[in-house]
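J.: requesting a structural model of the entry that follows:
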Amino acid sequence: MSAIETSLAAMKEASSLAKTIPYISPVAGLLLQALAMRDEVKQHKDEWDVVMRKLGRVAGLVVNVGESCQKYNLQEKDLPPGLRTILQTLQTGLSGVESALKQSVEVGVVRRVLFRKDLLRKVKQYDGELSNVLQTFQAELALDARFAQIAEELKVTQAGPPVPSNRVMSMAQEPRSPQIFFGRDAELAEIIHMIFTHIGSHPAHIAILGPGGYGKTTLANAVLTHHRVQEHFGNGRYFVACESVNSSGSLLVELAKALGVLNEGSDASWSHIRNALNTKDTILCLDNFESPWEQADDAKHSVEELLSRITGLQHVTVLITVRGTVRPAQTHWTQPLLAPLQTLNHDAAREVWKQITGIFDDAAEELIQNVDFVPLAVNLLAHLAQATSPALLLKDWNQKQTSFIQIGQNHRLSNLEYSIQLSIDSARMRANPSARDLLVVLGMLPDGIHTRQLERFQEILGDMDILFSLRTLEQCSLIMMIGERYQTHPIIRHFCNHQSTILPKHENSLQEFYINLASSDPSEAQAKKYAEMVLEVNNTKAMLSFLLKSNRKDDSKLVKSILTFTSFHASIGDLSDKLISQTVAFLQQRHLATSLLIRCFQTWGRLYYFANDFENAKYKVQEAEKQCSSGPDNNSSLHADVLRHLSELHMLQGALEKAKDSFQKALEIHQITNDTLGQGNDYRGLGHTYIRLGKLQEAEASYQKALELHKMVNNLMDQGNDYKGLGDVYLRLNKLDEAEASFKKALEFHEKVNSALGQGNDYEGLGDTYIRLKKLHDAESSYQKALDLQKRANNPLGQGSALHGLGRVYMGKSQLGAAKRMFEMALFMHRQAQAPIAQERDQKYLNKVLSKMKQTTQK
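T.: Here you go, the predicted structure:
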């Protein structure tokens, strides 16, 4: 007999079942009529066959409902609301199915032609609806224990406690004391405190939350085997593994097994479970509670209802472990709530490794840092290190990332990626497909999404609900809020970058956004744009690095954007050279335009220059000059720019005549090529050189000429630098009013272009001027602003100068202790900056202060 014929026979019987349940008889009757017409269908027979099979499965479930209602003598009012809703919906839907079936049975040719497309649409519609009904129905009826639970509750209400029957005695899973337990002492102590604070009147209800692989189960076992818990609860400690549980009914069964009260030949009984839990003080741990809880709404509410019954018992302390950051509803959780688990600290991760392997070396150190001290990852890597050296494992990590971290296949405790995938495939994630797409996007962005950028990313990614997806990811512990940024956990980012593929439309939108952002000139950016550039600096760097490894067609545009971006991130104190190094390698491999390579070496040299690594700076700029001299860029504007940068390095090393000659040679080339901006920069360089040579009239003339040229091309940044140079000249000429005016003018321009370094230098100049004018309060304010800005620009040389200025202010105020601290700090910063002349000056003033302090003490 076929499945449909079996269902048809069952439906004939079901039509007479449970007459007290109004929903069942009409549903059974409609199913009976629909199934009976299966052989008469003339149109869309194959499609109807699929629908018929699903009708047969629905019929079987309806029969089960009818039989269960009869078995437990249940009335309509006793059925769960979710089940009543399903039956009502099913009755309405089946009326439509019956009508469509009648159209398919019609044999008229005209009707077949006229209604064929409409009928096919209806068949597909009903096929989809039946799939949804089946999914919900099966979740509601996962086990007959649901009906047994309802009936048992009715019996308890109506007739008192049931008479115990023969039971299948099942051994509870014994709590196991973890042999490797580091870094969770604070959480363990907090949970023990929560358990025993009000144990007599308010048993604790505690949820251990956190991402997969963070040691929730280990912590729960540590709680159950803690000496105070053992002494108080004795054999009333129960650990229930819920990993394979998917409904309230199956959870009842697992509870009954753990408590040893599963009735022989029958189903799990809530009353027996309740009585067993109420006989003594009990602590119950429901491990991996997300498995039964994260289901369709009706099933989820049923599980929450069962949990609330358990937590409502007077003598039961409840501990659950859940992946994610959300606790089940309907339960009053003990306050203050236990915070979700974080990764281990460094020392704990190291101890875990040493406990497993017995050794710990530099490669092991790098490995545990790479996996961000995630407990499961550290544990698995340490076990792998028992047979493979950490150095080889590190090579595996660099090539394969998370994919090799496993000591078994498909189990959450032996395979890191399997554990991560469980979170990504969770019910919450399945209910919001956009969340998975957003996770892949976040995996490409080390700084994640700043809260101020949410609207911008909604524009970029357009088709997804950003806020809803972020909530879903946060609830699943796949991302976290760090400061004001939504970021993936580092181990999740490694997994996504290695295993997941971004949608092409999202990849294209992100690339366009970040290349445009990288190409923006900070000196011309409005305040809002500049703020966005700062917020996205690390993400921009990561995206540009990614693009260098991709097969992007427009290489020239990419490299130019990297050059602009590198100058920008240097201006805000980020002097890392990894990106520019990658770019040089990229250009050399592809044999692209020499001019781009020259500009990269030049920019690389500037990074070293700002980092006060003048030897490496000179080496890179000389490499750029070598490329110019031997190629088509000889005597070009680019060549002149390189010569100017080489001149600046000569100045720093005290080779002033060499510097002057290089500036003049650069100026000649810029004049030949009619490069106004370049000429202005060369004149400013000559101004710096003449100051150092003590030729102040020539210096003033050079700065004035530079200012004139920079005004012609409306370059705000360079005009600010020119005014700063003029201020330095006037200060040395003791023209203090002109010096103050020039520094203020420089500050005005540097503020317009958002240059922290420029503003810091301007305030330092003002501080020097106010010292000379005996305006110590104004001088102190200026130096303090200079110090703050130089810190922002990550410029130790500038910080040292500002600190030196503050020392001079405090000397003038006779605050010798404060002056001593400032000069000591200035000396420290100038040592970092490798500035020997500045160090000599700091030491000279420090000696003066120490001498005065000694004289004061002697008096």
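
J.: domains of the protein?
T.: The chain breaks down into these domains under automatic domain parsing: 3-141, 169-323, 346-416, 795-859.

J.: what about Q526, how many neighbours?
T.: 10 (other Cβ atoms under 10 Å). Using the backbone N, CA and C atoms, a C-beta is placed for each residue, glycine as well.

J.: pretty sure D778 contacts R772?
T.: No - at 11.3 Å, D778 does not count as touching R772 under the criterion of Cβ atoms under 8 Å.

J.: tell me which of those two has more neighbours.
T.: Just comparing D778 and R772: by other Cβ under 10 Å the higher neighbour count belongs to D778, 17 against 14.

J.: leaving out the residues flanking it, which one is nearest to the more buried one?
T.: Leaving aside its sequence neighbours, D778 sits nearest to Y770 (Cβ to Cβ, 6 or more residues apart in numbering; 4.3 Å).

J.: test my guess that that neighbour contacts S782.
T.: Yes - at 6.1 Å, Y770 and S782 qualify as touching, with contact defined as Cβ under 8 Å.

J.: which residues of the stretch 201-350 of the chain fall in strands?
T.: 205-210, 237-241, 262-263, 282-287, 316-323 (DSSP state E, counting those that start in this stretch).

J.: by mean pLDDT, show me the worst of those strands.
T.: When the strands of the stretch 201-350 of the chain are compared on average pLDDT, strand 262-263 comes out lowest at a mean of 69.

J.: SS state for Y486?
T.: Using DSSP: H, G, I helix; E, B strand; the rest coil, the structure places Y486 in strand.

J.: show me what it is bridged to.
T.: I449, M481 (DSSP bridges).

J.: which ones are touching it?
T.: L442, G448, I449, T451, L470, L473, E474, I479, M480 (Cβ atoms under 8 Å, 6 or more residues apart in numbering).

J.: how about a cut-off of 6 Å?
T.: Going by Cβ atoms under 6 Å, 6 or more residues apart in numbering, Y486 touches G448, I449, L470, I479.

J.: got it, and K744?
T.: Going by Cβ under 6 Å, 6+ apart, the list of residues near K744 is empty.

J.: and the pLDDT for it?
T.: pLDDT, read off for K744, is 96.

J.: quick check: it vs K785, distance?
T.: Taking Cβ to Cβ, to the nearest Å as the measure, K744 falls 13 Å from K785.

J.: please name the nearest non-neighbouring residue to V245.
T.: P292 (4.3 Å).

J.: I'd say G212 and R323 touch.
T.: Yes - under the criterion of Cβ atoms under 6 Å, G212 is in contact with R323, at a separation of 5.3 Å.

J.: what residues does stretch 826-840 touch?
T.: N612, P796, L797, Q799, G800, L803, H804, D842.

J.: filter the residues you listed to the buried ones?
T.: Buried members of those, scored by 16 or more other Cβ atoms under 10 Å, are N612, P796, L797, Q799, G800, L803, H804, D842.

J.: which helix or strand contains the last one?
T.: The reference is to D842. Taking DSSP states H and E as the criterion, D842 maps to helix 836-858.

J.: coming back round to it: report the separation between the residue nearest to D778 and F239.
T.: 72 Å.

J.: with F546 instead?
T.: 45 Å.

J.: in the stretch 451-600 of the chain, where is pLDDT below threshold?
T.: Within the stretch 451-600 of the chain, the ranges that satisfy pLDDT under 70 run 554.

J.: mind listing the strands for it?
T.: 479-482, 485-488.

J.: most packed of these?
T.: Per residue and on average, the most neighbours among the strands of the stretch 451-600 of the chain fall to strand 485-488, with a mean of 22 (mean count of other Cβ atoms under 10 Å).

J.: how far is it from where the chain is centred?
T.: 3 Å (Cα atoms, centre = their mean, to the nearest Å).

J.: and for stretch 472-485?
T.: The chain centroid and the centroid of stretch 472-485 are separated by 6 Å, computed with Cα atoms, centre = their mean.

J.: list of residues touching it?
T.: By Cβ under 6 Å, 6+ apart, stretch 472-485 touches 211, 324-326, 423, 426, 428-429, 432, 435, 439, 448, 450-451, 486, 488, 492.

J.: can you give me the end-to-end span of that stretch?
T.: 16 Å (Cα to Cα, to the nearest Å).

J.: what sits against I368?
T.: Residues near I368 by Cβ under 6 Å, 6+ apart: A349, V378.

J.: start the count at 35, not 1, going forward
T.: All right, first residue 35 from here; so that's I402.

J.: dump the C-alpha coordinates for the one helix or strand it maps to into CSV.
T.: Using DSSP H and E, I402 sits within helix 396-404. C-alpha atoms of helix 396-404 as CSV (Å, rounded to 0.1, in the frame of the first residue of the first chain):
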residue,chain,number,x,y,z
ASP,A,396,57.9,31.8,20.7
ALA,A,397,55.9,30.0,18.0
ALA,A,398,53.4,28.9,20.6
GLU,A,399,53.2,32.5,21.8
GLU,A,400,52.4,33.7,18.2
LEU,A,401,49.8,31.0,17.7
ILE,A,402,47.8,31.8,20.9
GLN,A,403,47.9,35.5,19.9
ASN,A,404,46.7,34.7,16.4
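
J.: now that helix: buried residues?
T.: A397, A398, E399, L401, I402, N404.

J.: P362 and I354: what is the separation?
T.: From P362 over to I354 (counting by Cβ to Cβ), the distance is 8 Å.

J.: more crowded one of these two?
T.: Neighbour count, other Cβ under 10 Å: between P362 and I354, I354 has more, with 28 against 25.

J.: can you show me the helices along the stretch 735-884 of the chain?
T.: Along the stretch 735-884 of the chain, counting by DSSP state H, counting those that start in this stretch, helices occupy 750-766, 770-786, 790-806, 810-826, 830-846, 850-866, 870-892.

J.: as CSV, the ones you listed with distance to D430 would be great.
T.: Converted to CSV, the helices of the stretch 735-884 of the chain look like this (distance: least, Cβ to Cβ, whole Å):
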stretch, distance to D430
helix 750-766, 48
helix 770-786, 49
helix 790-806, 42
helix 810-826, 40
helix 830-846, 39
helix 850-866, 38
helix 870-892, 47
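
J.: beyond the lowest-mean-pLDDT helix or strand in the chain, next helix or strand please.
T.: Ranked by mean pLDDT, DSSP states H and E, the weakest helix or strand in the chain is strand 201-202, scoring a mean of 38. Downstream of strand 201-202, the next assigned helix or strand under DSSP H and E is helix 219-231.

J.: quick one: residues in contact with the following helix or strand past the helix holding I402.
T.: Counting by DSSP H and E, the element after helix 396-404 in chain order, helix or strand, is helix 409-418. Here helix 409-418 makes contact (Cβ under 6 Å, 6+ apart) with 247-249, 378, 383, 386-387, 390-391, 401-402, 405, 427, 439, 441, 450.

J.: what do you get for stretch 526-536?
T.: Residues outside stretch 526-536 that contact it (Cβ under 6 Å, 6+ apart): Q435, T436, I454, V474, G477, L512.

J.: neighbour-wise, which of those residues leads?
T.: Highest neighbour count within the contacts of stretch 526-536: L512, with 29 neighbours (other Cβ under 10 Å).

J.: in stretch 641-660, what's buried?
T.: Within stretch 641-660, the residues scored as buried using 16+ other Cβ under 10 Å are 641-648, 651-652, 654-655, 657-659.

J.: thinking again about what came up before, just send the contacts of Y520 back as TSV, with distance to S211 too.
T.: Formatted as TSV, the contacts of Y520 follow (distance: Cβ to Cβ, whole Å):
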residue	distance to S211
G482	38
I483	42
L504	39
I513	33
